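**Q** coords please:
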Amino acid sequence: MSWLKSFMREKTVGRSLRLLAPKDRRKLGLVVAIQIFLSGLDLFGVALIGVVSALAITGVSGQVTGNRVGAVLEFMHLDSYTFETQVAILGATAGVTLIGRTLLSIFFIRKSLFFLAHKAAIISGDLTSRVLAQPILQMQKRTSQETLYALTGGVSTLILGILGTTVMLASDLSLVLVMAVGLLIVDPGTAIGSFIYFTLIAFLLYRLSSTRVRKLNEAIVETSISGNEQIIEVLTNYRESIVRNRRAYYARKFAKNRLDLSKFSAENSFIPNISKYVLESSVVIGALLLSATQFVTQDARHAVATLAIFLTAGTRVAPATLRIQQGFLKIKGASGSVDLTLNLAKEVEGFSIAVDTDPALALGNHEDFSAAISFTDVSFAYPESKVQILSQATFKISPGEFVAFVGSSGAGKSTLVDLLLGVLLPDNGKITISGKLPSNAIEGSPGAIAYVPQDVAIAIGTVRENIALGFPEEFATDERINNALKIAHLESFVLSLENKADTQVGERGTKLSGGQRQRLGIARAMFTNPKLLVLDEATSSLDAETEASVSAAIQSLRGGTTILMIAHRLATVRSADQVIYIDRGQILAKGSFTEVRAAVPDFDRQANLLGL
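**A** Alright, predicted model coming up:
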């Protein structure tokens, strides 16, 4: 039985149970205990059927009832009633008991499944919160589709598919065991033989099917994720697929993926049917063997009563045995599709659940926040890489300054910004914003820091929803939206739309131009009236005229807002209070635009080429 203990404890059920809170595990245990108790009703109903059969034989033949039948009649105070009344009462009681047990089982299983479905939703939310608390490098170890499956379908399979099946297994296992005990009392030899017969068949079916089912479920998950990634890939690179004339290739590749998935799914759906038909045939064969044995070895009264009990028990035990075998197969198969979720849950155990702050705090004046920035001997290298992306960077930025980071591509500018925003953690050195670590500054003063990436992510929704992304809709007032649009020089365009700020922008902003998407990102950043604005090539997609007007708007924030800008267009940084030149992870110069030109020949040559 070591394989069963390992199966229950290590592979699936035990690890799934650990995702539930202790009180939830106790509630689940109570449901299992009730199901075990209800199995006693099955035994009682089957016993009554046996009594009715024995009573019918004695009544027809005019024989005296046996000691066991007489004891039952006396216990139920039926010994003084007529034969017909006894049979009627016993038959009705048996029917009510068996049907009642079935209805109660359905009720408790339904309650437990709804309970588990609710817990699955809570666990998904909990895991999502912990995943979002991870460092970005940890998150990037998985593809977005793997993370999506682990947080959605994986959790549902884990809680409903595995724990829900376990609850039903407990009900059926207890039924089989209780019946086995009862049948042992009636006829030990026949009971032991029947138990070995059905257990052996179920065990062999499980052993023959389990490995294949697990592999099939693993293949289904992998193929589904791969297919999703293929669709995302071609939709994301649709223009390239047209120019390269590769749309037919993508369609053919996806069709093959779906064909593979259909084969795996069909085989996975078919396997339980093998067990069904094998067990049905086994019941027929078992009934014939039992009948022959009883009538050869026992008198008619005893044979009919025993046969009635065993056949009635068989109508309860055989379906339960089938459900048990298929339940174990389902759990075994599910264990091949929940590894992503279980591994993810283990990875995020040490991360705390993020505490939501009052949105109103992020839209205030941020008076307690000082946009003073300090880097002291900061170094950073990506894991499994010996090359330092940033080496002993040291500088200070005063509140209200406009600071530009310049340098060639790959110099370490974007990594420096990620370190500043707390997205990455330095290997050495110290970074502070407003005298605090970046993560503490962001949590303590929500909305005081804003960031505009080079590639602005646009969500499906309206202009208003994209500007107020992450905030409840009641905070996206016209005044706040219009103020943000003015700074981003997007107000006139939005006013020209039929539904103004409530116009849909399309998936990933397909209804907007590249420059409009960039400006929408700037408007989003300005929605919270930040004291520190970080722009990573945020004006790179704008035409010269729009860039000039947006830059002028950003410049107007100087003094009240600290502005940090990564830029390749040197014209946009000429007026910066401080220019910091980075090359191969090292700060080569810092000072005014003129001072950095004098200190770095490459920078001076670039400026001359641009006529600056």
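
**Q** Give the burial count for the nearest residue to residue 424 once chain neighbours are set aside, as a bare number.
**A** Closest residue in space to residue 424, ignoring its immediate chain neighbours: residue 418 at 4.4 Å, by Cβ to Cβ, 6 or more residues apart in numbering. All C-beta spots, glycine's among them, are computed from the backbone N, C-alpha and C. Residue 418 has 20 neighbouring residues, counting by other Cβ atoms under 10 Å.

**Q** ok so residue 418 is a helix residue?
**A** Yes - assessed by DSSP: H, G, I helix; E, B strand; the rest coil, residue 418 belongs to a helix.

**Q** So which residues of the protein form strands?
**A** 373-380, 390-397, 402-406, 428-433, 449-452, 532-536, 562-566, 578-583, 586-591 (DSSP state E).

**Q** For those, give me CSV that also has mean neighbour count, distance to residue 493 and mean pLDDT.
**A** Listed next are the strands of the chain as CSV, based on neighbours: other Cβ atoms under 10 Å; distance: least, Cβ to Cβ, whole Å; pLDDT from 0 to 100:
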stretch, mean neighbour count, distance to residue 493, mean pLDDT
strand 373-380, 18, 34, 94
strand 390-397, 18, 33, 92
strand 402-406, 24, 26, 91
strand 428-433, 18, 33, 94
strand 449-452, 22, 18, 90
strand 532-536, 23, 20, 91
strand 562-566, 24, 23, 91
strand 578-583, 22, 32, 91
strand 586-591, 17, 38, 91
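
**Q** And those strands: which comes nearest residue 98?
**A** Smallest distance to residue 98 across the strands of the chain (Cβ to Cβ): 66.2 Å, for strand 449-452.

**Q** Give me the distance between the closest one and the centre of its chain.
**A** The chain centre lies 29 Å from the centre of strand 449-452; the measure is Cα atoms, centre = their mean, to the nearest Å.

**Q** got it, and stretch 85-94?
**A** Taking the mean C-alpha point of stretch 85-94 and that of its whole chain, the gap between them comes to 52 Å (Cα atoms, centre = their mean).

**Q** Export that stretch to PDB, keeping only CA atoms.
**A** Output of stretch 85-94 as PDB, limited to C-alpha atoms (Å, rounded to 0.1, in the frame of the first residue of the first chain):
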ATOM      1  CA  THR A  85     -47.600  -6.300   6.200                       C
ATOM      2  CA  GLN A  86     -44.100  -7.300   7.200                       C
ATOM      3  CA  VAL A  87     -42.900  -7.500   3.600                       C
ATOM      4  CA  ALA A  88     -44.600  -4.200   2.700                       C
ATOM      5  CA  ILE A  89     -43.100  -2.300   5.700                       C
ATOM      6  CA  LEU A  90     -39.700  -3.800   5.300                       C
ATOM      7  CA  GLY A  91     -39.600  -3.200   1.500                       C
ATOM      8  CA  ALA A  92     -40.800   0.400   1.900                       C
ATOM      9  CA  THR A  93     -38.200   1.100   4.700                       C
ATOM     10  CA  ALA A  94     -35.500  -0.400   2.600                       C
END
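
**Q** centroid residue for the chain?
**A** residue 151 (1.1 Å; Cα atoms, centre = their mean).

**Q** what about that one, distance to residue 216?
**A** 23 Å (Cβ to Cβ, to the nearest Å).

**Q** mind listing the helices for the stretch 1-150 of the chain?
**A** With DSSP state H, counting those that start in this stretch as the criterion, the stretch 1-150 of the chain has helices at 2-6, 13-17, 22-61, 67-75, 83-132, 136-139, 144-151.

**Q** mind checking which of these is nearest residue 286?
**A** helix 22-61 (16.1 Å).

**Q** isn't residue 197 right next to residue 286, touching?
**A** Yes - Residue 197 lies in contact with residue 286 (Cβ atoms under 8 Å); the separation is 6.0 Å.

**Q** Which of these two has more residues huddled nearby?
**A** residue 286 (20 against 15).

**Q** Looking at that one now. What's its pLDDT?
**A** You'll see residue 286 listed with a pLDDT of 74.

**Q** Residue 464 - how many residues pack around it?
**A** Residue 464: 22 neighbours (other Cβ under 10 Å).

**Q** what's the closest non-adjacent residue to it?
**A** Nearest non-adjacent residue to residue 464, counting by Cβ to Cβ, 6+ apart: residue 501, 4.2 Å away.

**Q** what's the answer for residue 604, then?
**A** Per Cβ to Cβ, 6+ apart, closest to residue 604 is residue 597, 4.3 Å.

**Q** what sits against the one you found?
**A** Going by Cβ atoms under 8 Å, 6 or more residues apart in numbering, residue 597 touches 603-604, 607.

**Q** could you dump the residues you listed to a markdown table with pLDDT and neighbour count?
**A** Output for the contacts of residue 597, formatted as a markdown table (pLDDT from 0 to 100; neighbours: other Cβ atoms under 10 Å):
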| residue | pLDDT | neighbour count |
| --- | --- | --- |
| 603 | 84 | 22 |
| 604 | 85 | 15 |
| 607 | 81 | 18 |
